[in-house]
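Enquirer: Need coordinates for the below:
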Amino acid sequence: MSARNRTTSRSRLLSLGLAGLTVTALAVSGCAGREAEAPDAGGPSADVAQCDPGFTDTEVKIGNSIPLAGAAAAYGAIAQTMKAYFDDINADGGLEFADGAKRDVTITIIDDGYDPAKTAANVRTLVEQEQVFALAGVLGTGAAISVAPYVEEQGVPNLFTGTGSDAILTLHEGDPWTTGFMPQYGFEVKALAEYIVAEHPGAKAAILYQNDDFGESIRAGFEKAFEGTDVEIIAAESYELTSASVDSQVTSLAASGADVFLDWAVGAFATQSLKKKLELGWDATTVINAPAADATFFLKPAGPGAADGVVSVAYTKDITDPSLAGDAGFDAWTEFAAAHPDEVNALSAPAAAGYQTAQLLEAALQQMEGCTRQALLEAANSFDGLELDLAPVSVSTAPDYPYVFREIGVQVFNGENWDLTEGTYTVD
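Expert: Residues are numbered from 1 along each chain as shown. Purely as a prediction, here's the structure:
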């Protein structure tokens, strides 16, 4: 069976595990688009007002704003993989919805260069000009925060954003329209802090972070997590997204004598930081953030030995590990990637995130009752034991916790692949 057919049928079966949703057949006219025609009359269907923009009898439009150029361009693979995933489904006749109708899921992508201001402009374009039904896979904490007031005002779901910022939880109290794909950063920090305290007692830590809300929240999170322990942060350096490099910051941190490096650089900056650390001969255990845990694009390019022993959280199977061959989900992923050699790199972590985001969106679209944006949001917040091809744990979501993952592990890079440590960490 092709990757397209296998993953689609598998996801449809697994998505039946959604909680709190009684799937009932909907009259096709009840989910008609605003431009749909009734079969017996020359005007619109009587029930078209029930459907929100971007949802018609034949198509559902999804928007994405993401960096396709610049230092964070590698993350553009998230959107490109999502598009390839749904292009396959569309080529097979479309995605089957709860009303029994098949619709194309069209993904429109606009480059924002990892600039929150551009993201805000792009989202307005997607909603007001492209008339998208929802947003999915938009990247970044700054991006999510910059568009939150607008999507709340418009009532447009901004699903599975590429962030785990604690700000999403704060926003959720008044803006339930934004959800995060990645583990909550506070949860990620807490799990890694517990690991460091247990494995490196008495450690002196130094932290590198972005000079923005994302970076500040990470620094504060580690400081809080280490309170009352024998681990402390003795040095901190921030960098700007417009910086040419982070060499000077890493040099300063290395001079502190810290034996744990909390490396919260992203994209090309993560590679630079690891390379500089190796050049300096800084012998410290490096802990990196989830977005930087891509062996192919960020770790190995730093040079032999630069990433050996790096620690990170685990919420995705190690797509670089050939020993996973035979695992049904891993095999589905590699088949899919092989079928799209120009769009999808089977060894790319951002591409894998895009694949998972696509499967989450697929499940939510299939299980939504009706054709409103509110219905899609409710479906996305009601997964119960949903399995994804590349997730090592099942996914359960709830309206009061706007993140996909409630359970994660910790992994250590051996120079070639990631080794999972024993045990997992769960949200309190």
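
Enquirer: so after the helix or strand where residue 353 lies, what's the next helix or strand?
Expert: Using DSSP states H and E, residue 353 maps to helix 349-367. Sequence order places helix 373-380 as the next helix or strand after helix 349-367, per DSSP H and E.

Enquirer: which ones are touching the residue nearest to residue 295 when sequence neighbours are not counted?
Expert: Distances taken as CB to CB, 6 or more residues apart in numbering put residue 320 closest to residue 295, at 4.9 Å, once the chain neighbours are dropped. Every C-beta, even on glycine, is put in place using the N, C-alpha and C of the backbone. Residues in contact with residue 320 (CB atoms under 8 Å, 6 or more residues apart in numbering) are 295, 296, 347, 416, 417, 418.

Enquirer: in the top strand by length along the chain, what counts as buried?
Expert: Looking across the chain with DSSP state E, the single longest strand is strand 102-111. Buried residues in strand 102-111, defined by neighbour count with 16 or more other CB atoms under 10 Å: 103, 104, 105, 106, 107, 108, 109, 110, 111.

Enquirer: For stretch 91-111, what is the distance to the chain centroid?
Expert: Put simply, stretch 91-111 sits 20 Å off its chain's centre (CA atoms, centre = their mean, to the nearest Å).

Enquirer: what's the average pLDDT for it?
Expert: The average pLDDT within stretch 91-111 is 97.

Enquirer: how about that stretch as PDB, C-alpha atoms only?
Expert: Output of stretch 91-111 as PDB, limited to C-alpha atoms (Å, rounded to 0.1, in the frame of the first residue of the first chain):
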ATOM      1  CA  ALA A  91      -5.100  13.300  -5.300                       C
ATOM      2  CA  ASP A  92      -7.000  10.300  -3.900                       C
ATOM      3  CA  GLY A  93     -10.300  12.100  -4.000                       C
ATOM      4  CA  GLY A  94     -10.100  14.200  -0.900                       C
ATOM      5  CA  LEU A  95     -10.600  13.800   2.800                       C
ATOM      6  CA  GLU A  96     -13.800  12.200   4.000                       C
ATOM      7  CA  PHE A  97     -15.700  14.300   6.600                       C
ATOM      8  CA  ALA A  98     -18.300  13.400   9.100                       C
ATOM      9  CA  ASP A  99     -21.100  14.100   6.600                       C
ATOM     10  CA  GLY A 100     -19.800  11.500   4.200                       C
ATOM     11  CA  ALA A 101     -18.500  14.000   1.700                       C
ATOM     12  CA  LYS A 102     -14.900  14.200   0.400                       C
ATOM     13  CA  ARG A 103     -13.300  17.500   0.200                       C
ATOM     14  CA  ASP A 104      -9.900  18.800  -0.800                       C
ATOM     15  CA  VAL A 105      -7.800  20.300   2.000                       C
ATOM     16  CA  THR A 106      -5.900  23.200   0.400                       C
ATOM     17  CA  ILE A 107      -2.800  24.500   2.200                       C
ATOM     18  CA  THR A 108      -1.700  28.100   1.400                       C
ATOM     19  CA  ILE A 109       1.800  29.100   2.600                       C
ATOM     20  CA  ILE A 110       3.200  32.600   3.000                       C
ATOM     21  CA  ASP A 111       6.800  33.300   4.000                       C
END
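
Enquirer: Buried residues, the one helix or strand residue 78 maps to. List them.
Expert: Per DSSP H and E: residue 78 is located in helix 77-91. Buried residues in helix 77-91, counted by 16+ other CB under 10 Å: 77-90.

Enquirer: Go through the contacts of residue 320 and say which is closest to residue 52.
Expert: Among the contacts of residue 320, residue 347 lies closest to residue 52 (CB to CB), at 38.0 Å.

Enquirer: Which SSE is immediately downstream of the lowest-mean-pLDDT helix or strand in the chain?
Expert: Least confident helix or strand of the chain, by mean pLDDT, DSSP states H and E, is helix 3-14 with a mean of 39. Remark: after helix 3-14, the chain's next helix or strand is strand 59-66, criterion DSSP H and E.

Enquirer: With only the CA atoms kept, save that next one in CSV.
Expert: C-alpha atoms of strand 59-66 as CSV (Å, rounded to 0.1, in the frame of the first residue of the first chain):
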residue,chain,number,x,y,z
GLU,A,59,-12.8,22.3,-0.3
VAL,A,60,-11.5,23.4,3.0
LYS,A,61,-8.8,26.1,3.0
ILE,A,62,-6.0,26.1,5.6
GLY,A,63,-3.4,28.8,5.9
ASN,A,64,0.2,28.8,7.1
SER,A,65,2.7,31.6,7.7
ILE,A,66,6.3,30.3,8.3
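
Enquirer: May I have the secondary structure class of residue 335?
Expert: helix (DSSP: H, G, I helix; E, B strand; the rest coil).

Enquirer: what about it, how many residues close to it?
Expert: By the criterion of other CB atoms under 10 Å, residue 335 has 17 neighbours.

Enquirer: A strand includes residue 382, no?
Expert: No. According to three-state DSSP, residue 382 belongs to no strand; its state is coil.

Enquirer: Check what pLDDT it gets.
Expert: 96.

Enquirer: So what does it look like in phi/psi?
Expert: phi -130, psi 20 (degrees, to the nearest 10).

Enquirer: these two touch, right, it and residue 397?
Expert: Yes. With contacts counted by CB atoms under 8 Å, residue 382 reaches residue 397, the gap being 6.6 Å.

Enquirer: For those two, indicate the residue with more neighbours.
Expert: More neighbours surround residue 397 than the other of residue 382 and residue 397, with 23 against 20 (other CB under 10 Å).

Enquirer: What's the separation between the more buried one and residue 218?
Expert: Distance of residue 397 to residue 218, given as CB to CB, to the nearest Å: 24 Å.

Enquirer: Ok, residue 84 next?
Expert: Residue 84 is 32 Å from residue 218, by CB to CB.

Enquirer: could you redo the buried residues of strand 102-111 as TSV and give each row distance to residue 277?
Expert: TSV is the format used below for the buried residues of strand 102-111 (distance: CB to CB, whole Å):
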residue	distance to residue 277
103	49
104	47
105	43
106	44
107	38
108	40
109	34
110	35
111	31
